[in-house]
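# take this sequence and fold it.
(one chain, ligands or ions: 1)
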Amino acid sequence: MDVIFASHDEERHTQCASALQAALPALRVRRWEKGKPPTGAKVAVVWRPPAELLIQEPDIELVFNLGAGVDALFSLPGLHEGIQIVRIEDAGMAVQMAEYAIHFLLRASRGFDIYAQQQRDAIWGAQADIDRAAWPVGVLGIGIMGARVAQAIAALDYPVAGWSRRGQPLSGVEVYGGLACLPAFLARTRVLINALPLTPQTEGILCHETLSQLIPEAYLINIGRGGHLVEDDLLAGLASGQMRGAALDVFSQEPLPAGHPFWSHPQISVTPHIAAASLLDKTVNQIVHKIQAYVRGEPLAGVVDQRLLY
Ligand code: GLV
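Coordinates of the predicted model:
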């Protein structure tokens, strides 16, 4: 069986392709090349693939996405219902997301930025004791990633709620389900963590209307996609004082362009889409098991619903 790799990340591509080839020697693993005749491959492993991929390779039946967010795939010309898109499920990412969110939550709730400034000024002074009730955390999107984030924060005794379209229960977390419950979820949240998939329904969900419903002096931690955030609405929220700070890992344009106001904003922390990376061994292990299941004709876990786009 032929497997083609198409990723804009050369190094990751090469490492993953070699590990997959070593694990399944019977496969013919090769790199996709633009403008060549179809290879006949039925399986593609991709990360932000080129637009021509599925047109040039009409035999593809299975696409493995080397990450959790599959939003880059739905606009691919040639995509049809007969193609199964399989996301990497966790592969070490959820715990990294939890670390990222906890880091920025604690910086705010425990005043660590203030202590850093105090050290620069040689000031010895304790901030007020933390009152966890003043830091209700809300996690938008409680799939594999968001659930781990929410439960990790709940384990630190912060009041935590989660919101999802379906409202599936999550132990230790108060769950709000469906758009009708979004206002109640926002109204009890001060630290909003976004872990939603990007779909036409969630695009721009972090906007004036939602941010203004949060408990004042709110914080935003965006580990979803840049397309979730209306950037000017965040800047306006910070200027008005409704928002106190934001930690952003994802942006509508990546890399974040030079001169973008987020770079120098004193209340915004920018990281370069590093909140969570899928770990190579776990990723390859998942792909190996799923290719084996596919060959045996078994249903695969992690297949994306093409109607819901996640
Ligand atoms: C990273 O952004 C991912 O979707 O895995």
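
# please, which helix or strand holds the residue positioned nearest the centre of the chain?
With the centre of the chain defined as its mean C-alpha position, the nearest residue by Cα atoms, centre = their mean is Gly224, 3.8 Å away. Secondary-structure assignment from DSSP states H and E places Gly224 in no helical or strand segment.

# what is the neighbour count of the closest residue to it other than its chain neighbours?
Nearest residue to Gly224 in three dimensions, chain neighbours excluded: Asn194, at 4.3 Å (Cβ to Cβ, 6 or more residues apart in numbering). In short, each C-beta sits where N, CA and C put it, glycine included. With neighbours defined by other Cβ atoms under 10 Å, the count for Asn194 comes to 25.

# how close does Asn194 get to the ligand?
12 Å (Cβ to the nearest ligand atom, to the nearest Å).

# swap in Arg148?
Look at Arg148 and the ligand: by Cβ to the nearest ligand atom, they are 14 Å apart.

# got a list of what that residue touches?
For Arg148, the contacting residues are 90, 94-95, 97-98, by Cβ atoms under 8 Å, 6 or more residues apart in numbering.

# how about the residues you listed in TSV, adding pLDDT, distance to Pro58 and secondary structure?
Output for the contacts of Arg148, formatted as TSV (pLDDT from 0 to 100; distance: Cβ to Cβ, whole Å; DSSP: H, G, I helix; E, B strand; the rest coil):
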residue	pLDDT	distance to Pro58	secondary structure
Asp90	92	31	coil
Ala94	97	35	helix
Val95	98	39	helix
Met97	98	36	helix
Ala98	98	41	helix
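
# possible to save those as TSV with distance to the ligand?
Below are these laid out as TSV (distance: Cβ to the nearest ligand atom, whole Å):
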residue	distance to the ligand
Asp90	10
Ala94	11
Val95	13
Met97	9
Ala98	15
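
# buried subset of those residues?
90, 94, 97-98 (16 or more other Cβ atoms under 10 Å).

# looking at the contacts of Arg148, which is nearest Ser264?
Set against Ser264, the nearest of the contacts of Arg148 by Cβ to Cβ is Met97 (26.2 Å).

# is it true that that closest one touches Val149?
Yes - with contact defined as Cβ atoms under 8 Å, Met97 counts as touching Val149 (5.3 Å).

# any shared contact partners between those two?
Shared contacts of Met97 and Val149 (Cβ under 8 Å, 6+ apart): 195, 223.

# near the ligand, which residues of the chain show up?
Counting by Cβ under 6 Å from any ligand atom, the chain comes close to the ligand at 67-69.

# top of the residues you listed by neighbour count?
Within those, most neighbours by other Cβ under 10 Å means Ala68, with 23 neighbours.

# how about Gly177, phi and psi?
Per-residue torsions, Gly177: phi -120, psi 130 (degrees, to the nearest 10).

# same check, this time on Val43
Backbone geometry at Val43, expressed as degrees, to the nearest 10, gives phi -120, psi 130.

# isn't there a strand covering Leu192?
Yes - counting by DSSP: H, G, I helix; E, B strand; the rest coil, Leu192 is found in a strand.

# and it, how many neighbours?
26.

# related to what we said a few turns ago, need the contact list for the residue nearest to Gly224.
Contacts for Asn194 (Cβ under 8 Å, 6+ apart) come out as 140-141, 205-206, 220-224, 228-229.

# redo that, cut-off 7 Å
Residues near Asn194 by Cβ atoms under 7 Å, 6 or more residues apart in numbering: 140-141, 206, 222-224, 228.

# quick one, what contacts the residue lying closest to Thr189 once chain neighbours are set aside?
Spatial nearest neighbour of Thr189, excluding adjacent residues (Cβ to Cβ, 6+ apart): Gly138 at 3.1 Å. Residues near Gly138 by Cβ under 7 Å, 6+ apart: 161, 163, 185, 189, 192.

# tell me the SS of the third one?
When classified by three-state DSSP, Phe185 comes out as helix.

# verify the stated contact: it with Val175.
No - Phe185 is beyond contact range of Val175, at 9.0 Å (criterion: Cβ atoms under 7 Å).

# CA atoms only for the lowest-mean-pLDDT helix or strand in the chain, dumped as CSV, please.
In the chain, no helix or strand scores lower on mean pLDDT, DSSP states H and E than helix 10-23, which sits at a mean of 90. Presented in CSV, the C-alpha positions along helix 10-23 are these (Å, rounded to 0.1, in the frame of the first residue of the first chain):
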residue,chain,number,x,y,z
GLU,A,10,9.8,19.6,6.1
GLU,A,11,11.5,18.4,9.3
ARG,A,12,8.4,17.0,10.9
HIS,A,13,7.4,15.4,7.6
THR,A,14,10.7,13.6,7.2
GLN,A,15,10.9,12.3,10.8
CYS,A,16,7.3,11.1,10.8
ALA,A,17,7.6,9.4,7.3
SER,A,18,10.8,7.5,8.4
ALA,A,19,9.2,6.4,11.6
LEU,A,20,6.1,5.2,9.8
GLN,A,21,8.1,3.4,7.2
ALA,A,22,10.2,1.7,9.9
ALA,A,23,7.1,0.6,11.8
